[in-house]
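**Student:** sequence and predicted structure, then a few things I'm wondering about:
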Amino acid sequence: MRGNDFADLKAFAAIVEHGNFTRAAAHLRVSPSALSQTLRALEERLGVRLLNRTTRSVAVTEAGARLLTRLKPAMEELEAAVADVKDLRDTPAGTVRIQAARFGAISYLEPLFGKFHAAHPDIVLDVTVDDALTDLVAGGFDVGIRLGEWLDHDMVAVKLGGHLRQVPVASPRYLAKHGTPRHPRDLLKHRCINWRQPGSGGIYAWEFKKGGGDWFSIAVKGPLVVSDRALALSAALQDVGIAFWEEERVRPFVQSGKLVALMEDWCAPFPGFFLYYPKQKHTAPPVRAFVQFLRQAWSS
């Protein structure tokens, strides 16, 4: 084998696994054009076409399928062998690429940066904060932090912290002018501040549950739609309307009297955030160290 054959064969396998050049390039952290050149060079060296490709899809040729059948178990064994050697290090080293929802990052990552660095000085945390629902593998991430209701079933999930609760809040001046809602249906008569999740064309419908009843949602309307909940909170403080956000984030403003919590008996707790990552035979040492650190930090 030539010096770069292993990398080129790995690139070929990634294209087949992900189904197109764009997702495979994101996983390998190279550009699609560079990946295309790599495959073309490999095909020229081998003297056969491995993939039939169009602008939208790729299909494995007979030669490509035969190569992949022999190649995949060999590559898995090579990667496992390298990982086993890395495990012999006294301290894990490398980069952990994390994709986290904004509230998850603020609540469960930010408070631990200093402690994690002190415990694992050779691990680099590469954190992308994004509320959009992203394919973890296609995006080239090792782990993610999301609400449990949005996790794929084929992921390993680790609970972070306890349950959460969302509550509607409004300023005293808004309530004095427009009245106080007593039931979630009353919100349909009020000015509510909506949230559109990044990457989604839809607007979040506010969810409520009382006692042993079922969850139900209310599609509220109002003068403002935001993609960042912090903006909704700021608007509520400015008397624009009623905001709906996690209880811990609004508590300081409720305690100071700047906002009033509404219909709390209709605001039931729900499973909160999870750290999650793909199921695989071997987890890289830095990823394993990161997962274990967060598991111990938030186990209570």
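**Tutor:** That came through fine. Residues are numbered from 1 along each chain as shown.
**Student:** quickly list the domain ranges of this protein.
**Tutor:** Using automatic domain parsing, the domain parsing of the chain gives 5-81, 94-160+272-297, 166-266.
**Student:** rounded mean pLDDT for the longest one, please.
**Tutor:** The average pLDDT within domain 166-266 is 95.
**Student:** quick revisit: turn the domains of the chain into CSV, including mean neighbour count.
**Tutor:** Where C-beta positions appear, they are placed from N, C-alpha and C, glycine not excepted. Shown next, in CSV, are the domains of the chain (neighbours: other CB atoms under 10 Å):
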stretch, mean neighbour count
domain 5-81, 15
domain 94-160+272-297, 17
domain 166-266, 16
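**Student:** surely residue 98 touches residue 140?
**Tutor:** No: using CB atoms under 8 Å, residue 98 is not in contact with residue 140; the gap is 11.3 Å.
**Student:** may I have stretch 188-201 exported as PDB, CA atoms only?
**Tutor:** Output in PDB follows, covering the C-alpha atoms of stretch 188-201 (Å, rounded to 0.1, in the frame of the first residue of the first chain):
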ATOM      1  CA  LEU A 188     -55.400  32.700  22.900                       C
ATOM      2  CA  LYS A 189     -56.800  36.100  24.000                       C
ATOM      3  CA  HIS A 190     -53.400  37.400  25.000                       C
ATOM      4  CA  ARG A 191     -50.200  38.800  23.300                       C
ATOM      5  CA  CYS A 192     -47.700  35.900  23.500                       C
ATOM      6  CA  ILE A 193     -44.100  35.900  22.400                       C
ATOM      7  CA  ASN A 194     -43.500  33.000  20.100                       C
ATOM      8  CA  TRP A 195     -40.300  30.900  19.600                       C
ATOM      9  CA  ARG A 196     -39.300  29.400  16.300                       C
ATOM     10  CA  GLN A 197     -36.700  26.600  16.700                       C
ATOM     11  CA  PRO A 198     -33.600  27.300  14.500                       C
ATOM     12  CA  GLY A 199     -33.700  25.000  11.500                       C
ATOM     13  CA  SER A 200     -37.400  24.600  11.700                       C
ATOM     14  CA  GLY A 201     -40.100  26.400   9.800                       C
END
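**Student:** which residues does it contact?
**Tutor:** 130-134, 168, 174, 178-179, 181, 202-204, 206, 218, 220-227, 229, 232, 235-236, 240-244 (CB atoms under 8 Å, 6 or more residues apart in numbering).
**Student:** which SS state does residue 243 fall under?
**Tutor:** strand (DSSP: H, G, I helix; E, B strand; the rest coil).
**Student:** excluding its backbone neighbours, what's nearest it?
**Tutor:** residue 236 (3.9 Å; CB to CB, 6 or more residues apart in numbering).
**Student:** now do the longest helix belonging to the chain: which elements does it pack against?
**Tutor:** In the chain, with assignment by DSSP state H, the single longest helix is helix 62-86. Contacts defined by 3 or more CB pairs under 8 Å, 6 or more residues apart in numbering; DSSP states H and E place helix 62-86 against helix 5-18.
**Student:** the helix it packs on vs helix 62-86, what angle?
**Tutor:** 110 degrees (axes from the mean of the first three to the mean of the last three CA atoms, to 10 degrees).
**Student:** what mean pLDDT does the following helix or strand past helix 5-18 get?
**Tutor:** Next helix or strand after helix 5-18 toward the C-terminus (DSSP states H and E): helix 21-28. Average pLDDT, helix 21-28: 83.
**Student:** now do stretch 71-90
**Tutor:** The average pLDDT within stretch 71-90 is 68.
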